[in-house]
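# Below: sequence and its predicted model.
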Amino acid sequence: MPVLNEVAYLQRAVQTVLAQQTDGPSELILALGPSTDGTNELARRLAEADERIVLVENPGADIPKGLNLAIKASSRPTVVRVDAHSELSPHYTRAALATLAETRAANVGGVMRADGRTPFQRAVARAYNSPIGLGGGAYHGSTHAGEAESAYLGVMRRAVLDEVGLFDETIRRGEDWELNLRIRSAGYRVWFDPALSVTYWPRESWVRLAQQFRATGAWRGELVRRFAWRNPLRFFAPPALVLVVAAAIIFGVLQVTGIVTGWLSLLLSIVYLPLVAYVALLIIVAAGDGGGTGWRDKLWTLAVLPTMHLSWGAGFLSGVATGAHDTVDTSRLGSRNTPLP
C-alpha cells in the first residue's frame, strides 16, 4: 500500500486488509511518502499494534516507486495491491486467490465500487460508477468474468512480477495498465472477476478532482506516445470533447464578431451539435436515480462529469503533444484531510 497524506482513510483501509482471511501467513507493507498531515505517525502507531504491518520509506512519493519498494520488502508468493483510499470487501483476498488458482492467471482484479460521504464525493462516485464517467472499463461495473486489459489494484503472482520487471518507475500514472500490458505481452492472463469488489473513496473537493484528472490525462497521453495503438479507443473521447469545445468557442467568437456569416456560418454551426448532445447526456445521467441520491448530489453530478472529462482531456492533449515529463498528481500533496469518526 503506497501512502501519502491519507490520515482520514488509512486506518480503515488497514483494518479491512488485516481482517482478510487467508490459508497462509500474510503481511501488509506500507510504503510511506513524505506526508504532512500526520499519516506517517498514524502508520507507526498501527505498526506498533500489529506485527503484520511493515513500514518502508518512499521519500520520492511516487506510487510506482512505493509499490516496488513494498514488493521488494515483501516475502510472500502473492502480491495484493491495495490503496489507502480503498476498503476491501471481507472475503476479497480469499476469493481472489481462489480465482487466481482456478483461472491460472497472473493477475486478478475486481470491481471498483466508488462511494462518498458528502454530496460532492457521492457525485464523483456516481461518475466513477457510470460508463459515462470513466469510459466503461470492466472494473467500473462489468458483470461478466473473463480476460481483461487491466485490473483494478490486482492480486498478482510474485514470480510473474519478478519476470516482467515490477512497475515502471518512469510512469507516475497509469502504471497498472502498463504493467498489465507487459504481463499480457509475456503470455500471461489478466483476469476480471466481478465477484471481487473494493470500495474506493474519491477526492473530496472540486480542485483536487481536477488536479487528479489532469495528471491522469497527461500520463495517458504519455502512454499514447509510448504505445500508440495499444491504447483503447475510449481514452480518446475526452480529448475529442476538449477539441470540440475549443472549436465551438472559436467559431462562436467568429459569429459574434461578424467575421463568419451567411451560408458558411450556418454550415459550421454543426460544431454545436456534439455539445448539445453532450449536455443532454449530462442532464440524463445527473437526473437518473443513482441509488436514490438527493438534489444536491444531482447538481454536483452536472459539475463533476465535465470537470473530469475536460481536465482529463486537456491533460491528455498536453501529454501527447509534449509528454508528461514531471507531471504529478498534486491532489495528493498537502492534504487537509481530518480523521473520520
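Arrived safely, thanks for sending.

# Quick check: which ranges of the stretch 201-341 of the chain have low pLDDT?
290-293, 334-341 (pLDDT under 70).

# to the chain's geometric centre, what's the distance from the helix or strand hosting G133?
Using DSSP states H and E, G133 maps to helix 131-134. How far helix 131-134 lies from its chain's middle: 12 Å, per C-alpha atoms, centre = their mean, to the nearest Å.

# again, but for stretch 37-48
Using C-alpha atoms, centre = their mean, the offset of stretch 37-48 from its chain centre is 25 Å.

# Same question for stretch 201-208.
Worked out by C-alpha atoms, centre = their mean, stretch 201-208 lies 12 Å from the chain centre.

# Put the alpha carbons of it into CSV.
What follows is stretch 201-208, C-alpha atoms only, in CSV (Å, rounded to 0.1, in the frame of the first residue of the first chain):
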residue,chain,number,x,y,z
TRP,A,201,-13.3,6.9,-1.8
PRO,A,202,-12.8,9.7,-4.4
ARG,A,203,-11.3,13.1,-4.0
GLU,A,204,-13.3,15.4,-1.7
SER,A,205,-13.1,18.7,-3.5
TRP,A,206,-13.6,20.1,-7.0
VAL,A,207,-10.0,21.5,-7.2
ARG,A,208,-8.4,18.2,-6.1
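
# what comes up buried for it?
W201, P202, R203, E204, R208 (16 or more other C-beta atoms under 10 Å). For every residue, glycine as well, the C-beta is placed using N, CA and C.

# Not counting sequence-adjacent ones, nearest residue to the first one?
Read that as W201. Among residues not flanking W201 along the chain, H85 sits closest, at 5.1 Å (C-beta to C-beta, 6 or more residues apart in numbering).

# now the last one
Setting aside the residues directly before and after it, R208 is nearest to S331 in space (C-beta to C-beta, 6+ apart), at 3.8 Å.

# tell me which residues in the longest helix anywhere in the chain are buried?
Identified as the longest helix of the chain according to DSSP state H is helix 295-322. Buried residues in helix 295-322, counted by 16+ other C-beta under 10 Å: 297-298, 300-320.
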